[in-house]
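Engineer: pasting the sequence and the predicted coordinates here, then a few questions.
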Amino acid sequence: MLRVENLQKNFNVKILGDKHIPGCHDISFQLKAGQFVSLSGPSGAGKSTILKCIYRTYLPGSGHIWYDSANYGVVDLATVSERILLDIRNREMAYVSQFLNVIPRVSALDLVMEPILTRNGVSYQEARERACHLLQRLQIPEELFEAYPATFSGGEQQRVNIARAVSWKPRLLLLDEPTASLDVKSIDRVLELLTELRQQGTTMVGIFHDPEIMKKTASHIYPLQ
Amino acid sequence: MNLQAWRTQHQSESLHGYNFAFLDDSAKKEIRRSLLKAVAIPGYQVPFSSQEMPVARGWGTGGLQITLSLILPEDILKVIDQGCDDSVNAVNIKKFVAKVAEVNSTTDTQAATLIQTRHRIPEEPMSEGQILVLQVPYPEALREVEPSELETRRMHAEGDYARMWLYLYEDIVRYGEISISYRYPVTVNDHYIMDPSPIPRWDVPKLHMSEHLSLFGAGREKRIYAIPPYTRVEPLEFEDHKFRIEQFPVACSRCGSCNSYLDEIISDVDGSRQYFCSDTDYCDKRCA
Amino acid sequence: MEALLKARRLSKIFGPGCSLCNESTGPDFDTNVCPHCHSVVACNAVDFDLYPGEVLGIVGESGSGKSTLIKLAHFEWSATDGEMTLHRSGLPAALAELLADKADQYTCNLFGLSQFQQRQVRNALMGIVYQNPLLGLRMNVSSGGNIAERLLGAGWRHIGKMCDRASELLEKTEIPISRMDEPPKNFSGGMQQRVQIAKALSNNPLLLLLDEVTTGLDLSVQARVLDLIRSLQREFQLSMLVVSHDLGVINLLCNRTMVMKHGRVVESGLTDQILQDPQHGYTQLLVASQL
């Protein structure tokens, strides 16, 4: 379903006098539908860069990212038009970052509901129920549902972030250290959710800093130098 | 009698040195040309040079110039001021025109061929062949909402009348009805919004599909415009706030008419109110 | 899905213009003033597509030509060159017919229309919110009247229906209905901006243009206005062109972003990509300069 070929990404920082910062190079891996590939490697090896290139938050330097999309067939995410990429993001692909990077002044519940409402085409009531259910499973206290996540603790923010990404059951999920700032109990809940999601057909690419978690959840591991 | 014959006959008489009907031929030609253009584009304000006249600007010089440029020896002239044949203004203009063009004058609306008026349209319907000349103080209907001439011209050209409509909208929202009593804006021939001169709302419907020709002259503002016979003239109105003419609680105290525009007269002696027809000719005819 | 609006080669030159204008201005020359004829190249050969429901951001410093694009799109200035077409499927039937271009599914070049037709297009299909409420509102006319003006321009002639529409929109934009008959001059800056938004939305525009809508407002007021725009965009699936020099605003509202400098588009891409992986030196500087 996803095949990364010779992906390379360098950053050219012009304001620092054309400084070149290597991001990642010679990355090739592939995964079939339903697999969970985990990227492993030391800090700075370019794991996050790869995920961001797949999501096009970073513009890939060279190489290909072949993705078999539901609507457009096989496309190269490295070069496909922004329009199609946006549509794929909207319908198929989700990204969970290390940090909560969401819209300010929107309540936790609304944040999680929004993608369900806009992408799954269900009623307001059903979206609300699903969002509440998810937040409960991730142990967000009910009194926080209507509060702004900006005021939450790091762990709570991270869990809202995950809830938002998985709520609408994307086809391809990119996970950038989703468990980094969570306690053990929360980690278990998150992993449980991810496993469920995989069983329901979501394909995943992830980064986990903890090798134990990685081994427990990933179906395949791609090591980086 | 044609003009040539008139000239030969009158050359040495009282108006020695003056042309027929006061204005020289080239001035008349210019005004007539503007009139033709105005008739060709109903409701459009045609600029004209506006001569100096022996009355001050703002005292009917626009209407007077139109009258003088059109009048012929066989014409029968009627001049009214707010419906009245005998007011000082009307009488002076009538005397002046009668003198310089030696035409007969009348107070009878039916008998007149050319009627110059200030702020009224006669009650009796006019017919084909009659010309009504209206004196106009402010020819620009949009001036209330837009001070710039450049901009109002653009608005007319593009039919961009949202602001005029907004003015009426605000009136209704604020007062519950449109508070304009004189100079009620009308749409002419489905395009231009036009100022019908300060006639009361009562008179506005008389312009619609009328048999006579209406000519509007603004001497101070140097504009001429026209409504040719059988032209659509529609007052601005909303679907839920229709245009309405004035309602009078009583009939004319003199002739008993219930179907004419009435003036309210307050007695200097005891302060009592009485209503009389504003159109004196109409009232006289009914009393006769 | 096909683009709602296509703009090609949009150019605006102030001054006489000469054959060397385009090749001697731009970011490479660090100026938009032609050294040969001293004309100002406000924008040059800008291409963009806007898709239905999409929010396209235009970011750049003062004088980069971003507001020029809005003014061209809104027919306030006439373009020196270029064309702009709309997809006909979204247009009211009468307008689609009027603007037909052969058998094409797009309209004729809208820059070629008469001012009268352009105003019709504007009244029927566009809404605009300016940085300065004085440009978008009549300060002495009631707030309801301000909204009604747009409806009147689009041919509405029923006072009751217009009042209903105005109060509906003011409610949406969080202006108390009790203040509907007050003129905007009585309102705070943030409220004026919200009345402007209500006015811009009154005719259900196909295209909404926002020109620095939060510049000059207090931070808390900015946030409220932005939240409002965001929620309205979601609710009505508005297609918007958003001009701002504030990357925060762009980040919050826009799917895609164009970066302009000296009248040229130096970079365009997905908003998160522009912010996290800017390619052009100017964009990098812009991102690095963010507070």
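Structural biologist: Perfect, I can see it now. Numbering: from 1, shown residues only, chains lettered A, B, ... in the order given.
Engineer: which stretches in chain A count as strands?
Structural biologist: For chain A, the strands defined by DSSP state E occupy A:2-13, A:19-31, A:36-40, A:62-69, A:73-76, A:93-96, A:172-176, A:203-207, A:220-223.
Engineer: could those be laid out in JSON lines, adding mean neighbour count?
Structural biologist: For every residue, glycine as well, the C-beta is placed using N, CA and C. Below are the strands of chain A laid out as JSON lines (neighbours: other CB atoms under 10 Å in any protein chain shown):
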{"stretch": "strand A:2-13", "mean neighbour count": "18"}
{"stretch": "strand A:19-31", "mean neighbour count": "16"}
{"stretch": "strand A:36-40", "mean neighbour count": "21"}
{"stretch": "strand A:62-69", "mean neighbour count": "18"}
{"stretch": "strand A:73-76", "mean neighbour count": "12"}
{"stretch": "strand A:93-96", "mean neighbour count": "22"}
{"stretch": "strand A:172-176", "mean neighbour count": "24"}
{"stretch": "strand A:203-207", "mean neighbour count": "24"}
{"stretch": "strand A:220-223", "mean neighbour count": "14"}
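Engineer: quick one: closest of the ones you listed to residue C:174.
Structural biologist: When the strands of chain A are compared for distance to residue C:174 using CB to CB, the nearest one is strand A:93-96, at 31.8 Å.
Engineer: for the closest one, what is the distance to the chain centroid?
Structural biologist: 3 Å (CA atoms, centre = their mean, to the nearest Å).
Engineer: against chain C, how distant is the closest residue to residue B:88 other than its chain neighbours?
Structural biologist: Excluding the flanking residues, the one nearest residue B:88 by CB to CB, 6 or more residues apart in numbering or on different chains is residue B:81, at 7.9 Å. Residue B:81 sits at a distance of 36 Å from chain C (criterion: CB to the nearest CB, to the nearest Å).
Engineer: do residue B:271 as well
Structural biologist: In terms of CB to the nearest CB, residue B:271 sits 38 Å off from chain C.
Engineer: go on, residue A:24?
Structural biologist: Residue A:24 is 13 Å from chain C, by CB to the nearest CB.
Engineer: contact partners for whichever residue of chain A sits closest to chain B?
Structural biologist: Closest residue of chain A to chain B, CB to the nearest CB: residue A:105 (34.9 Å). Counting by CB atoms under 8 Å, 6 or more residues apart in numbering or on different chains, residue A:105 touches A:148, A:150, C:223, C:227.
Engineer: in the residues you listed, find the pair that's most separated.
Structural biologist: A:150 and C:227 (13.3 Å).
Engineer: neighbour count winner among the two?
Structural biologist: Remark: of residue A:150 and residue C:227, residue C:227 carries more neighbours, 16 against 12, as counted by other CB atoms under 10 Å in any protein chain shown.
Engineer: list the contacts for that one?
Structural biologist: Applying CB under 8 Å, 6+ apart, the residues contacting residue C:227 are residue A:105.
Engineer: regarding it, what is its secondary structure?
Structural biologist: Three-state call for residue C:227 (DSSP: H, G, I helix; E, B strand; the rest coil): helix.
Engineer: pLDDT value on it, please?
Structural biologist: With respect to pLDDT, residue C:227 scores 89.
Engineer: repeat that for residue C:99.
Structural biologist: Confidence score, pLDDT, at residue C:99: 83.
Engineer: I figured it hits residue C:88, correct?
Structural biologist: Yes. Assessed by CB atoms under 8 Å, residue C:99 is found in contact with residue C:88 at 7.2 Å.
Engineer: which residues in chain C form strands?
Structural biologist: C:5-14, C:40-50, C:55-59, C:81-86, C:126-129, C:207-211, C:240-244, C:256-261, C:264-270.
Engineer: what about the chain, any weak spots by pLDDT?
Structural biologist: Defaulting to chain A. Along chain A, segments meeting pLDDT under 70 span A:101-102.
Engineer: um, chain B though
Structural biologist: B:1-4, B:6-16.
Engineer: chain C contacts on that one?
Structural biologist: B:154, B:157-160, B:162-163, B:165-166, B:169-170, B:172-174, B:238-241 (CB under 8 Å from any CB of the partner chain).
Engineer: are any of these buried, and which?
Structural biologist: B:160, B:162, B:163, B:165, B:166, B:169, B:170, B:172, B:173, B:238, B:241 (16 or more other CB atoms under 10 Å in any protein chain shown).
Engineer: you'd agree residue B:202 is up against residue B:246?
Structural biologist: Yes. If you go by CB under 8 Å, residue B:202 and residue B:246 touch, sitting 5.2 Å apart.
Engineer: quick one, which of those two is more surrounded?
Structural biologist: residue B:202 (20 against 11).
Engineer: how about the secondary structure of that one?
Structural biologist: helix.
Engineer: quick one, what contacts the residue nearest to it when sequence neighbours are not counted?
Structural biologist: Distance criterion CB to CB, 6+ apart; nearest residue to residue B:202, sequence neighbours excluded, is residue B:261 at 4.3 Å. By CB under 8 Å, 6+ apart, residue B:261 lies in contact with B:83, B:120, B:123, B:200, B:202, B:203, B:246, B:277, B:278, B:279.
Engineer: quick check: the gap between residue B:261 and chain C.
Structural biologist: 27 Å.
Engineer: related to what we said a few turns ago, please flag which of the contacts of residue B:261 sit within strands.
Structural biologist: residue B:277.
Engineer: buried ones among the contacts of residue B:261?
Structural biologist: B:83, B:120, B:123, B:200, B:202, B:203, B:277, B:278, B:279.
Engineer: so can I have TSV of those showing distance to residue A:185?
Structural biologist: Converted to TSV, the buried ones among the contacts of residue B:261 look like this (distance: CB to CB, whole Å):
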residue	distance to residue A:185
B:83	95
B:120	92
B:123	95
B:200	86
B:202	86
B:203	88
B:277	97
B:278	94
B:279	97
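Engineer: all set, thanks.
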